[in-house]
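**Q** Got a predicted model here, sequence first, then my questions.
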Amino acid sequence: MSKKRYVLVGTGGRAEFFYGSLVRDYRETSELVAFCDTNQTRMNYANKLLKEKYDHSEINTYKASQFDEMLTTEKPDFVIVTTVDRTHHQYIIRAMELGVDVISEKPMTVDEVKCQEILDAVKRTGRSLRVTFNYRYAPHNTKIRELIMNDTIGEVYSVHFEWMLNTKHGADYFRRWHRDKRNSGGLLVHKSTHHFDLVNFWLGSTPKTVFAMGDLNFYGKENAERRGVTEFYQRATGNEIAKNDPFALHLDANRHLKAMYLDAEQEDGYQRDQSVFGDGINIEDTMGVLVKYNNRAMLTYSLNAYLPLEGFNVIINGSKGRIEARVIEQSYVNSGGKKEDEGKLLGKSVRVYPMFEAPYDVEIVEGKGGHGGGDPLLLDDIFGNPQEDPFNRKASHVDGAMSILTGIAGNISIRTGQAVNVDKLVQF
């Protein structure tokens with residue numbers, strides 16, 4: 001049996017999650033044949049990791065301008081897209097136009113215009129696009145889906161979902177390219193796409209109407225000044241002022257981050273360690289969203305990016321009872337440590353409150369690996385031999401679109417002060 005051939009575009013912080021597993025765990029059935037990036041230094045470092053960490057030979061590298069050439073020369077079966085969010089659509093669409101299926105990191109893209117372009121390309125080319133929602137595969141999240149599917153609490157009427165990002169992980173979005181909404185769509189798209197997808201997944205429905213509010217309350221220079229801060233810096237590495245700042249990220253103190261970002265700055269000027277209390281931040285750190293779904297259920301959602309703990313609380317109310325779930329995760333800096341520690345569980349509970357009966361705790365099989373045990377299951381579903389899945393966790397381009405459309409509608413609502421009809425944003 002011939003091996004499936006893969007190329008990967010975008011060798012930044014999320015890339016190794018895919019290519020590391022591909023060359024370590026799936027060599028018998030899969031072959032990684034090329035990297036593509038705007039930055040040659042970063043691709044060279046990825047090749048160094050392949051050789052030294054994974055005992056794999058170096059592979060061909062192509063600059064972003066050579067993307068078409070890479071596909072023509074390497075003839076891959078799949079393109080894995082892990083670039084800056086605002087460029088996802090470029091590589092997704094061009095790959096499909098050249099006859100190649102795509103696996104894309106979330107979010108699928110950042111606004112309704114790019115989303116429509118992707119939907120049109122799927123229809124035009126007939127190619128496959130898969131979006132990698134690892135949280136669907138986390139055993140506790142799958143268990144919630146199972147409980148609802150089994151009519152444990154009857155017809156679902158409302159969901160309250162609170163996601164907490166702490167001062168390590170949450171702050172990290174304000175150091176990087178994510179701090180510019182043009183790049184990331186803001187946290188309602190880049191981060192909340194996971195959470196909105198979970199609600200779609202749990203409910204088996206799609207968003208109809210969205211109203212949102214949001215603001216930049218904690219991060220940014222003006223907020224720091226208002227709290228009495230008087231000393232500022234542009235970036236942390238090598239800066240005396242930053243040495244005692246708990247929010248600073250020192251690239252020269254982490255060998256991996258230094259090689260991936262600090263040593264690569266000479267090519268594109270990208271700084272991974274910007275001050276979270278600097279100028280130029282235009283995304284929100286405090287957000288509240290109200291959603292009405294096509295099955296009449298309602299969602300109240302909040303996301304805060306500066307809290308003393310990491311994880312989520314979710315309450316799901318139905319005609320026969322209530323589910324309460326609480327998950328505490330280990331915080332992390334992207335690419336700042338072991339991949340299996342990203343989103344690692346520190347505590348979890350799922351409790352059912354049946355109507356007219358005693359409440360009970362739900363037993364959940366402990367998952368291994370990052371993001372609550374979801375990462376290995378997702379990777380096996382992508383690169384391995386997936387079995388029939390009664391929970392339908394594999395996410396298509398439609399799932400990718402419906403998750404980001406809640407966040408995109410939320411961004412529009414924040415900007416306009418009006419509720420947004422999701423059906424009017426794109427045409428499927």
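**A** Sure, I can see it. Numbering: from 1, shown residues only.
**Q** in its sheet, what does the host helix or strand of Ser349 sit against?
**A** Here Ser349, judged by DSSP states H and E, is contained in strand 345-354. Strand 345-354 sits in its sheet next to strand 321-329 (antiparallel), strand 360-361 (antiparallel), going by DSSP bridges.
**Q** want to throw the ones you listed into TSV with mean neighbour count and mean pLDDT?
**A** In this view, the C-beta of every residue, glycine as well, is placed from N, C-alpha and C. Shown next, in TSV, are the strands paired with strand 345-354 (neighbours: other CB atoms under 10 Å; pLDDT from 0 to 100):
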stretch	mean neighbour count	mean pLDDT
strand 321-329	19	96
strand 360-361	10	98
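**Q** Of all the ones you listed, which one comes closest to Lys48?
**A** Ranking those by proximity to Lys48 (CB to CB) places strand 321-329 first, at 30.1 Å.
**Q** Report the distance from the closest one to the chain centre.
**A** 21 Å (CA atoms, centre = their mean, to the nearest Å).
**Q** Need the CA coordinates for that strand. PDB is fine.
**A** Only the C-alpha atoms of strand 321-329 are listed here, as PDB (Å, rounded to 0.1, in the frame of the first residue of the first chain):
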ATOM      1  CA  GLY A 321     -32.500  18.000  34.000                       C
ATOM      2  CA  ARG A 322     -29.100  19.700  34.000                       C
ATOM      3  CA  ILE A 323     -25.500  19.000  33.300                       C
ATOM      4  CA  GLU A 324     -22.700  20.800  35.100                       C
ATOM      5  CA  ALA A 325     -19.100  20.400  34.000                       C
ATOM      6  CA  ARG A 326     -16.000  22.000  35.400                       C
ATOM      7  CA  VAL A 327     -12.500  21.600  33.900                       C
ATOM      8  CA  ILE A 328      -9.200  23.100  35.200                       C
ATOM      9  CA  GLU A 329      -6.300  23.000  32.700                       C
END
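**Q** sorry, back to before: out of the strands paired with strand 345-354, which is closest to Lys191?
**A** Among the strands paired with strand 345-354, strand 321-329 sits nearest to Lys191 (CB to CB), with 12.9 Å.
**Q** Which residues does that closest one contact?
**A** Residues from elsewhere that reach strand 321-329 (CB atoms under 8 Å, 6 or more residues apart in numbering): 140, 144, 147-148, 152-154, 309-316, 343-355, 357, 372.
**Q** Walk me through the domains of this protein.
**A** 4-131, 134-219+281-373+394-424, 221-268 (automatic domain parsing).
**Q** is it possible to export those domains to TSV including distance to Gln274?
**A** What follows is the domains of the chain, written out as TSV (distance: least, CB to CB, whole Å):
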stretch	distance to Gln274
domain 4-131	15
domain 134-219+281-373+394-424	5
domain 221-268	5
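**Q** Between these, which one is closest to Ser275.
**A** Smallest distance to Ser275 across the domains of the chain (CB to CB): 5.4 Å, for domain 221-268.
**Q** Indicate which one of the strands paired with strand 345-354 is closest to Gly407.
**A** The nearest among the strands paired with strand 345-354, by CB to CB, is strand 321-329 at 20.4 Å.
**Q** returning to that earlier point: could you dump the strands paired with strand 345-354 to TSV with distance to Val7?
**A** Below are those laid out as TSV (distance: least, CB to CB, whole Å):
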stretch	distance to Val7
strand 321-329	32
strand 360-361	46
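**Q** Tell me which of the ones you listed approaches Thr300 most closely.
**A** strand 321-329 (14.6 Å).
**Q** ok, the nearest residue to Leu129 once chain neighbours are set aside to Ile93 distance?
**A** Excluding the flanking residues, the one nearest Leu129 by CB to CB, 6 or more residues apart in numbering is His397, at 4.0 Å. Distance, His397 to Ile93, by CB to CB, to the nearest Å: 11 Å.
**Q** same deal with Trp163?
**A** Taking CB to CB, one finds Trp163 at 30 Å from Ile93.
**Q** could you list every residue that touches the spatially most central residue of the chain?
**A** Residue closest to the average C-alpha location in the chain (CA atoms, centre = their mean): Lys106, at 4.6 Å. The contact partners of Lys106, taken as CB under 8 Å, 6+ apart, are Val131, Thr132, Phe133, Thr193, His194, Asp197, Gly400, Ser403.
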